[in-house]
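[1] Provided below are the primary sequence and the corresponding predicted coordinates.
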Protein chains: 2
Amino acid sequence: MRKMNNKNKTFIDKLRSSGLRPTNQRVEISKFLFNRKKTFHFTVEELKNSMNSKRSKKISTATFYNTVHALKSAGHLKEFSLENNTSCYDTNITSHHHFFDDGKVIDIKSDKITFQKLPEAPKGKKIKNVEVVIRLENNN
Amino acid sequence: MRKMNNKNKTFIDKLRSSGLRPTNQRVEISKFLFNRKKTFHFTVEELKNSMNSKRSKKISTATFYNTVHALKSAGHLKEFSLENNTSCYDTNITSHHHFFDDGKVIDIKSDKITFQKLPEAPKGKKIKNVEVVIRLENNN
DNA sequence: CACCTACTTTAGAATAATTATAAAGTAGTT
DNA sequence: AACTACTTTATAATTATTCTAAAGTAGGTG
């Protein structure tokens, strides 16, 4: 018997409306990612480990990559690069900035940073977005 | 006979004063990186290819990685991550920002961006640096 | 419902960037 | 000239990610 509850409906709709078939794996991953209060930062490897450690039937690595890319393309995830050259994803897709604190990533709400001066885009180009990273270190 | 000119002296001193033995490979790489007017952005792979294509005696990949890391640790290079998860290095070590334009990186002088508002660092932490990336796209 | 087809998932191989290893070479000191 | 610690090198190993091609499934269609 297939599990199904009213939570799933939300994610099935979310997937469908993005042109993605709501397969079991995609629904499970969506539920894991989006069914939470706080925004969530993760690498694909971390996502895979957290989910699969709780599951008897594992989801394959390729599916995690496929699904995360699909969700990103659909605009449900934001991607950014960490120092150590791995892709990190963020369930907070609103425009915002980040603290980087030794591998840990903390969101900064967009309105916490405002600019006095910004450069013009080179000729023929325009600004797509502005992203600020504030690197932290320990006091003293 | 060992090649030696007054340019080399500069880089030998630069290496020595950073606690790095001025080996031939390191001097050559330093000369290639720092003996130019404009600042230079590169990945290790690019550096290796540009230098080795002109050389009969090739420098090994590991040495390029070792030397770039050593120069970075000594504060002569800045590192940043590209979208495609490769490390990019910058010979401009002064505080500054970047335009990212489809893989191409363009420096933005520090004084071209000023802040009206910046968030406070979390308790026990302080701000190490603030880095802005302005992503560009084509007009229209 | 039975079937069809395009989209998905999967295990495993392939790739790319980087790091580790350990043997041979070299700088700088004695 | 000899010594020793630091470097370089080729090669293997590792890590993150993508590719491949075969097996599975969603969502029509009749």
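    Yes, it's here. Residues are numbered from 1 along each chain as shown, chains lettered A, B, ... in the order given.

[2] what about the longest strand in chain A?
    strand A:125-138 (DSSP state E).

[3] that one pairs with which strands, and in what direction?
    strand A:96-101 (parallel), strand B:125-138 (antiparallel) (DSSP bridges).

[4] buried ones in that strand?
    A:Lys125, A:Val130, A:Glu131, A:Val132, A:Val133, A:Ile134, A:Leu136 (16 or more other CB atoms under 10 Å in any protein chain shown). Heads up, the C-betas are built off the backbone N, CA and C, glycines and all.

[5] just to check, A:Leu136 is in contact with A:Phe100?
    Yes - if you go by CB atoms under 8 Å, A:Leu136 and A:Phe100 touch, sitting 6.9 Å apart.

[6] what's in contact with stretch A:7-25?
    Stretch A:7-25 has contacts (CB atoms under 8 Å, 6 or more residues apart in numbering or on different chains) with A:2, A:26-27, A:30-31, A:34-35, A:59, A:63, A:67, A:70-71, A:74-76.

[7] redo that, cut-off 7 Å
    Stretch A:7-25 has contacts (CB atoms under 7 Å, 6 or more residues apart in numbering or on different chains) with A:Arg26, A:Val27, A:Ser30, A:Lys31, A:Phe34, A:Asn35, A:Ile59, A:Thr63, A:Thr67, A:Ala70, A:Ala74.

[8] make JSON lines out of those and add distance to B:Lys9.
    Formatted as JSON lines, those follow (distance: CB to CB, whole Å):
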{"residue": "A:Arg26", "distance to B:Lys9": "62"}
{"residue": "A:Val27", "distance to B:Lys9": "66"}
{"residue": "A:Ser30", "distance to B:Lys9": "62"}
{"residue": "A:Lys31", "distance to B:Lys9": "64"}
{"residue": "A:Phe34", "distance to B:Lys9": "60"}
{"residue": "A:Asn35", "distance to B:Lys9": "64"}
{"residue": "A:Ile59", "distance to B:Lys9": "60"}
{"residue": "A:Thr63", "distance to B:Lys9": "58"}
{"residue": "A:Thr67", "distance to B:Lys9": "57"}
{"residue": "A:Ala70", "distance to B:Lys9": "57"}
{"residue": "A:Ala74", "distance to B:Lys9": "58"}
